[in-house]
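> pasting the sequence and the predicted coordinates here, then a few questions.
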Number of protein chains: 2
Amino acid sequence: MVPRILNAADGGGPLLQLERQILDASSEIEHWFRSQWLSHTPPFYASVDLRNAGFKLSVVDTNLFPGGFNNLSEDALPLAVQAISAAVERRCPDVRRFLFIPENHTRNAFYLTNVARLVELLRQSGLQIRIGTLIPDITKPTPIDLPNGTTLLLEPLIRSGSRVGVEGFDPCGILLNNDLSAGIPSILRGIEGQQLIPPLHAGWSVRRKSHHFAAYSKVVAEFSERMQIDPWVLDPFFATCSNVDFQAREGERCLADNVSIMLKKIQQKYDALGITQKPYVVVKADAGTYGMGVMTVKDASEVTNLNRKQRNKMAVVKEGMPVSDVLIQEGVPTLEMVNDAVAEPVVYMVDRYVVGGFYRVHAERGPDENLNAPGMKFAPLAFDESCMQPDYASHPDDAPNRFYVYGVISRLALLAASLELEQGGQAV
Amino acid sequence: MVPRILNAADGGGPLLQLERQILDASSEIEHWFRSQWLSHTPPFYASVDLRNAGFKLSVVDTNLFPGGFNNLSEDALPLAVQAISAAVERRCPDVRRFLFIPENHTRNAFYLTNVARLVELLRQSGLQIRIGTLIPDITKPTPIDLPNGTTLLLEPLIRSGSRVGVEGFDPCGILLNNDLSAGIPSILRGIEGQQLIPPLHAGWSVRRKSHHFAAYSKVVAEFSERMQIDPWVLDPFFATCSNVDFQAREGERCLADNVSIMLKKIQQKYDALGITQKPYVVVKADAGTYGMGVMTVKDASEVTNLNRKQRNKMAVVKEGMPVSDVLIQEGVPTLEMVNDAVAEPVVYMVDRYVVGGFYRVHAERGPDENLNAPGMKFAPLAFDESCMQPDYASHPDDAPNRFYVYGVISRLALLAASLELEQGGQAV
């Protein structure tokens, strides 16, 4: 089952043209990606949130510590194993022991199921894996029961000189699935002789969404030039405000101005293209994740008239970290529907390969709302086809082709993440 | 559905131990393969015939021009696309146009369906593909209808200086699926500036099975040393006779002596291990394929008492090429059964990855007979699980584990093929 595109019934708008263009140019596109990967190293893994507005298909978030591997279809798993093997071969062929460092959750069954899935995939690719936890309360190996009846063993990290491991296990590589929102823990600082994947500056204490989207804009600019398309179709407008304090109501002017300017820019685009929807922007923490610190805004006055509850909500993100840098991003409505619920594709990549994806399907939210919200109750709908089997003979919007296009756009963000990480967390 | 192993009911013999050992050592094994691929380049693609005797699990043939991609399951196809992408990235990232040269068949629907499948996979991996044929009668682009209603366009090869292509298409890479049994055609000699994959000396006018199995023995020796197992479990005995002329009855003494010696060696092994089966050997053309020029022998007298029909059958192989070099190979009975039919796994690899496989299931042949015979009517049974998702918690003979082990053994042959090709067709 594949979500239908709301406006596909009208015979196809600009996006069908884009899909057809991408299909027709697939050999050029793959060739271009190959040449890019000669000079850039993709992240070990990543997931990307896409929004398909019919007139626009854009990346709206890129996660370098992806959860949700458990939402992929069974068919995607061998692809992930093969891609992990390729990733290991390329970056650390001599590595056989990996330490996996998850988020500090012990009760979030969804997240723990993701950890179990990732650990299994890593093991199937031929690595020895142990799980080291940053949770200070875990001082001895602690089994955590999973809903499916299996058990995860969390072990306390042990620092030994400039290396980190768990009891009796000195790993060559350390795979972080903990996004370091709370800062870089001292036990992970100054590591030598072990590969930290991704590097520490990929964590949210250093990373900024705006740096990612600046890199994404560069990548999209080059791609669009080659494809002879308007980069705006793939790239949402964004702006930033620093030194914002929602509690103290500091920085509201910057926010209001940027929201106002951006809404005008979007309206101009909409007018030029005959799009009748109402523009909106998304205001979110530049260093936040988990869908926390996010609000949808349709008028500049909304950011200056926040009530206490709204201010509290925007002021802190995961791990209680205060928000200071804020991203204002063009809102891209999703027009994909599963029955009456809105759906948003999430695409998973390992190394340079698109291994699969799923839809966040959310019955209680609108097409212009954030589907990745705290406590979100979404139903994952795994892609039932791979993202790399375009069917040139069929309609550009048929599932294999739509997924292929999603994979191409997602890889633009993957390449952007490479550029971003190469800059060590600085602006590209 | 997975074939059952005939003697698995007895609770497991030596092979279960081997499977368990391989599972337990999987991280060491994958690490070892990674280190091997640092210094050796795998063939672009290959398929391997395995025989599982219960007490022995061995490669009996390695095909560097694999057909039968159409027999893989749908699930294997994205893996093949991903592996082709990896293969192209590694060996020729700057290539975007591939010429595909198939066998000279225009009526073999099975083979043509394989060509269509391979061309589709190559295209999905982002390459521009045209099909150039060596058939002299095809002097203009000629559509060939396939059973599924699609069409393949065969185009005559055009040589231009030191490059080859088809009308209006100058490829960077040339992928041979024609095994060159009839010799290296002049149009492919002296090519410069284009990659020929595999190299011309992989073709049967140069290649010798005995060179492959000499390399395989070397690889198995190292692997067995690491695994602390008897290499014979993975490696069939082999010997060669040159200057054999079946028609003129020359070389019979060499054949009979070698058959006799080998049967004794096998019997000694069988006696030592308490195996009660009757040993047999397979006599086959050292440079033959398509299951032609193959006979099963249980007594040396059989090779000296060939009747005219048998001699005719052994004297020539594909394309009418006379047999002169003969391989005498230990027969490995297959104990895998689908209902009452014997089954033999065929494993497919692209680059260093096992992408899938199928069983040749043949109701009319015995467990000690060649299932890849001229005009064979086998029913392909696609592997319904990947070869890279071992399930460490379950029985070593459960399907994911059996397929993983098959993948490991097949990759030993893949590595052997790398060594073999590095020697330019000479003995390793």
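That came through fine.
> wait, isn't A:Arg218 in contact with A:Ala416?
Heads up, residue A:218 is Lys, not Arg. Yes. A:Lys218 is within contact range of A:Ala416, at 7.3 Å (criterion: Cβ atoms under 8 Å). To be clear about C-beta, it is placed using only N, CA and C from the backbone, and glycine gets the same treatment.
> how about the secondary structure of A:Ser35?
helix (DSSP: H, G, I helix; E, B strand; the rest coil).
> with A:Ala285 as the reference, measure out to the spatially closest residue to A:Leu99 that is not a sequence neighbour.
Excluding the flanking residues, the one nearest A:Leu99 by Cβ to Cβ, 6 or more residues apart in numbering or on different chains is A:Pro171, at 3.9 Å. Separation of A:Pro171 from A:Ala285 (Cβ to Cβ, to the nearest Å): 32 Å.
> ok, now which ones touch A:Leu112?
A:102, A:105-106, A:144, A:146, A:152 (Cβ atoms under 8 Å, 6 or more residues apart in numbering or on different chains).
> again, only using 10 Å
A:67, A:70, A:102-103, A:105-106, A:144-147, A:150, A:152, A:154 (Cβ atoms under 10 Å, 6 or more residues apart in numbering or on different chains).
> so what are the domain limits for chain A?
Residue ranges for the domains of chain A, per automatic domain parsing: A:1-64+A:209-236+A:332-420, A:70-202, A:237-331.
> quick one: those as TSV, columns for mean pLDDT too.
Shown next, in TSV, are the domains of chain A (pLDDT from 0 to 100):
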stretch	mean pLDDT
domain A:1-64+A:209-236+A:332-420	88
domain A:70-202	94
domain A:237-331	89
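> and B:Val281, which of those domains is closest to it?
Set against B:Val281 and scored by Cβ to Cβ, these come closest in domain A:70-202, at 35.6 Å.
> now A:Ile22: closest residue in space that isn't a chain neighbour?
Nearest residue to A:Ile22, sequence neighbours excluded (Cβ to Cβ, 6+ apart): A:Val405, at 5.1 Å.
> helix/strand/coil for that neighbour?
Criterion first, three-state DSSP; result for A:Val405: helix.
> equivalent analysis for A:Thr62, please.
strand.
> any residues of the stretch 51-200 of chain A in contact with chain B? List them.
Within the stretch 51-200 of chain A, the positions adjacent to chain B are A:74-86, A:88-90, A:92-98, A:120-129, A:150 by Cβ under 10 Å from any Cβ of the partner chain.
> circling back: who's more crowded, A:Lys218 and A:Ala416?
A:Ala416 (25 against 16; other Cβ atoms under 10 Å in any protein chain shown).
> what's near enough to touch that one?
By Cβ under 10 Å, 6+ apart, the residues touching A:Ala416 are A:40, A:48, A:59, A:62, A:211-220, A:428.
> among those, which are located in helices?
If you go by DSSP state H, those have A:211-220 in helices.
> buried among the residues of the stretch 51-200 of chain A next to chain B? Need that as a selection in ChimeraX.
Per 16 or more other Cβ atoms under 10 Å in any protein chain shown, the buried members of these correspond to this ChimeraX selection:
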select /A:75,76,77,78,79,80,81,82,83,84,85,86,88,89,90,92,95,96,97,98,120,121,122,123,124,125,126,127,128,129
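> how about the contacts made by the closest residue to chain B within the stretch 151-300 of chain A?
Here the stretch 151-300 of chain A gets closest to chain B at one residue, A:Cys172, 10.1 Å apart by Cβ to the nearest Cβ. A:Cys172 makes contacts with A:92, A:94-99, A:127-128, A:163, A:193-195, as judged by Cβ under 10 Å, 6+ apart.
> how does it look with 7 Å?
A:92, A:95-97, A:194-195 (Cβ atoms under 7 Å, 6 or more residues apart in numbering or on different chains).
> what's across from A:Thr151 in the sheet?
A:Asp145 (DSSP bridges).
> how near is it to B:Asn370?
A:Thr151 is 48 Å from B:Asn370, where distance means Cβ to Cβ.
> same question for A:Phe98.
Applying Cβ to Cβ to A:Phe98 and B:Asn370 gives a distance of 44 Å.
> which residue, neighbours along the chain excluded, lies closest to whichever residue of the stretch 201-350 of chain A sits closest to chain B?
Residue nearest to chain B within the stretch 201-350 of chain A: A:Val350 (10.0 Å; Cβ to the nearest Cβ). Counting by Cβ to Cβ, 6+ apart, A:Val350 lies nearest to A:Ala83, which is 3.7 Å off, once chain neighbours are set aside.
> my read is that A:Asn401 contacts A:Gln389, right?
No. Using Cβ atoms under 7 Å, A:Asn401 is not in contact with A:Gln389, being 9.2 Å away.
> between those two, what contacts are shared?
Joint contacts of A:Asn401 and A:Gln389 (Cβ under 7 Å, 6+ apart) do not exist.
> of the contacts of A:Ala416, buried ones?
A:40, A:48, A:59, A:62, A:211-220, A:428.
> from the residues you listed, which single one is nearest A:Met227?
A:Val220 (9.9 Å).
> the nearest residue to the closest one once chain neighbours are set aside: what's it in contact with?
Nearest non-adjacent residue to A:Val220, counting by Cβ to Cβ, 6+ apart: A:Asp235, 4.3 Å away. Neighbouring residues of A:Asp235 by Cβ under 7 Å, 6+ apart: A:58, A:216-217, A:220.
> in three-state terms, label A:Asp235 for me.
coil.
> who does A:Val316 form a beta bridge with?
Under the criterion used here (DSSP bridges), A:Val316 is bridged to A:Pro322.
> wait, isn't it in contact with A:Pro322?
Yes. Shown here, A:Val316 and A:Pro322 form a contact pair, counting by Cβ under 7 Å, at 5.7 Å.
> which parts of the helix or strand hosting A:Asn401 are buried?
Assessed by DSSP states H and E, A:Asn401 sits inside helix A:399-422. By 16+ other Cβ under 10 Å, the buried positions in helix A:399-422 come out as A:399-421.
> still on that earlier bit, nearest to B:Asn177, of the contacts of A:Cys172?
Among these, and counting by Cβ to Cβ, the member closest to B:Asn177 is A:Cys92, at 34.6 Å.
> just the helices in the stretch 301-428 of chain A please.
Secondary structure of the stretch 301-428 of chain A (DSSP state H, counting those that start in this stretch): helices at A:301-304, A:308-315, A:399-422.
> residue numbers of the stretch 251-400 of chain A in contact with chain B?
Residues of the stretch 251-400 of chain A found near chain B (Cβ under 7 Å from any Cβ of the partner chain) are A:353, A:386, A:388-390.
> which one of the residues you listed is nearest to chain B?
A:Ser386 (3.6 Å).
> mind listing what that closest one touches?
Contacts of A:Ser386 (Cβ under 7 Å, 6+ apart): A:79, A:403, B:78.
> repeat that for 6 Å
A:Ser386 sits next to B:Pro78 when contact means Cβ atoms under 6 Å, 6 or more residues apart in numbering or on different chains.
> same question, A:Asp61
A:Asp49.
> give me phi/psi at A:Asp368?
phi -110, psi 20 (degrees, to the nearest 10).
> hang on, A:Pro78 in a strand?
No. If the criterion is three-state DSSP, then A:Pro78 is helix and not within a strand.
> in space, what's closest to it - neighbours in sequence excluded?
B:Ser386 (3.6 Å).
> same check, this time on A:Arg34
Going by Cβ to Cβ, 6+ apart, A:Arg34 has B:Pro93 as its nearest residue, at 4.3 Å.
> quick one: contacts for A:Leu176?
A:Ile101.
> partner strands of the strand or helix carrying A:Gly165 and their direction?
Taking DSSP H and E as the criterion, the element that holds A:Gly165 is strand A:163-165. Using DSSP bridges, strand A:163-165 pairs in its sheet with strand A:158-160 (antiparallel).
> which residues of the stretch 251-400 of chain A fall in strands?
Assigned by DSSP state E, counting those that start in this stretch, the stretch 251-400 of chain A shows strands spanning A:281-285, A:294-297, A:326-330, A:336-338, A:341-350, A:353-362, A:379-382.
> would you turn these into a markdown table with mean neighbour count?
Output for the strands of the stretch 251-400 of chain A, formatted as a markdown table (neighbours: other Cβ atoms under 10 Å in any protein chain shown):
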| stretch | mean neighbour count |
| --- | --- |
| strand A:281-285 | 25 |
| strand A:294-297 | 18 |
| strand A:326-330 | 24 |
| strand A:336-338 | 19 |
| strand A:341-350 | 26 |
| strand A:353-362 | 26 |
| strand A:379-382 | 16 |
